[in-house]
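Trainee: Any chance you can model this:
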Amino acid sequence: MLRQDVPGGGSTEGARQRPKLVPLRGVPMPDIFLENWEAVQNFRAVPQDIVIATYPKAGTTWVQEIVDFILQDGDAEKCRRAPLQTRIPFLEFSCGSDFTAGTELLEQMSSPRVIKTHLPFQLLPTTFLEQRCKIIYCARNAKDNLVSYYHFDKMNKIQPEPGTWHEYFQKFLQGNVSYGLWHDHVLGWWAQKDLYPILYIFYEDIKEDPKREIRKMMTFLGRDLPESVLDAIARHTSFQAMRCNPMSNYMSVPPDVFDQTVSTFMRKGEVGDWKNHFTVAQDQAFEIDYERRMKGSDLRFRTELQQ
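Mentor: Predicted coordinates for the structure are as follows:
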């Protein structure tokens, strides 16, 4: 993602100015991402493209690494060929001249390309639907998603300033964060899952039984790998393995972008961490808001796993 002609990945002089949110068809987006929006809208998919879509901090990196391992037949060395953000470009990413835009990286790749996006369904370029590209959508329960997003926005300088935990809690419930309301995002993709080649999976399910969910993704992608390879993929894509792997832990991103002294990119990866952050009053307010926004939907999440 770093431009090769920028030593060290660009200038680190002074503090990087954080972006502001601007509405794109009603969805709040970082203003720097919209500088390249025309290229995103006009992106041309091919049927072999594979899309990994999520709301931010919902298991994106985990699914990316699993999918790459599946496509590389479990070969760990091949999966160390480049940092994850280079192997699987971020479609709508744009960050000025220091970095290569996601669309530009993708144009340089040959099929089959794997593409990451956080776009809600209504903003996804229609070319992916027209080409019937396979899409894996991973969703995470809203409470843990909120906590993870808060810590991420504290360390990520190309996200708007998060403010305090209390302030961020309110922003999340109002949809005043990048990519808008979590509820709209997960419901929007859920409504389309039977109309297009979309595999809708859950973070909590992967955490509960990684091999079961890896097998599900493998089948969806038309791959048939032996049990020993499945075991290896599960081992190599465990949270601890990925956290220690420089090709997946984003330590290659300059500290003026990801300040991992504030919070590591891969922080905890747990189900139920929200209990360490929510006050009783916040939990009550969250539940009331959640019931209102999710009313009538058969989409269900787990906020904790049985021990």
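Trainee: give me phi/psi at Pro30?
Mentor: phi -60, psi 130 (degrees, to the nearest 10).
Trainee: Quick one: residues contacting it.
Mentor: The contact partners of Pro30, taken as C-beta atoms under 8 Å, 6 or more residues apart in numbering, are 19-22, 158-160, 178. Glycine gets a C-beta too; all of them are placed from N, C-alpha and C.
Trainee: quick one: contacts for the residue nearest to the spatial centre of the chain?
Mentor: The chain has Thr60 as the residue nearest its centroid, 3.3 Å off, counting by C-alpha atoms, centre = their mean. For Thr60, the contacting residues are 52, 54, 116, 118, 138, by C-beta under 8 Å, 6+ apart.
Trainee: circling back to that earlier point, among the contacts of Pro30, which ones are in strands?
Mentor: 21-22 (DSSP state E).
Trainee: Quickly name whichever of the contacts of Thr60 is closest to Phe33.
Mentor: Proximity of the contacts of Thr60 to Phe33 (C-beta to C-beta) peaks at His118, which lies at 9.7 Å.
Trainee: what about the protein, any weak spots by pLDDT?
Mentor: 1-15, 97, 244-269, 307 (pLDDT under 70).
Trainee: Repeat the analysis, applying 80 as the threshold.
Mentor: The model of the chain has pLDDT under 80 over residues 1-16, 96-98, 155, 239-270, 307.
Trainee: And the strands in it, which stretches?
Mentor: Using DSSP E, the strands of the chain run over 21-24, 27-30, 50-54, 114-117, 134-139, 198-202.
Trainee: Save the ones you listed as CSV, and put in distance to Ser228 too.
Mentor: Shown next, in CSV, are the strands of the chain (distance: least, C-beta to C-beta, whole Å):
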stretch, distance to Ser228
strand 21-24, 46
strand 27-30, 43
strand 50-54, 24
strand 114-117, 24
strand 134-139, 23
strand 198-202, 23
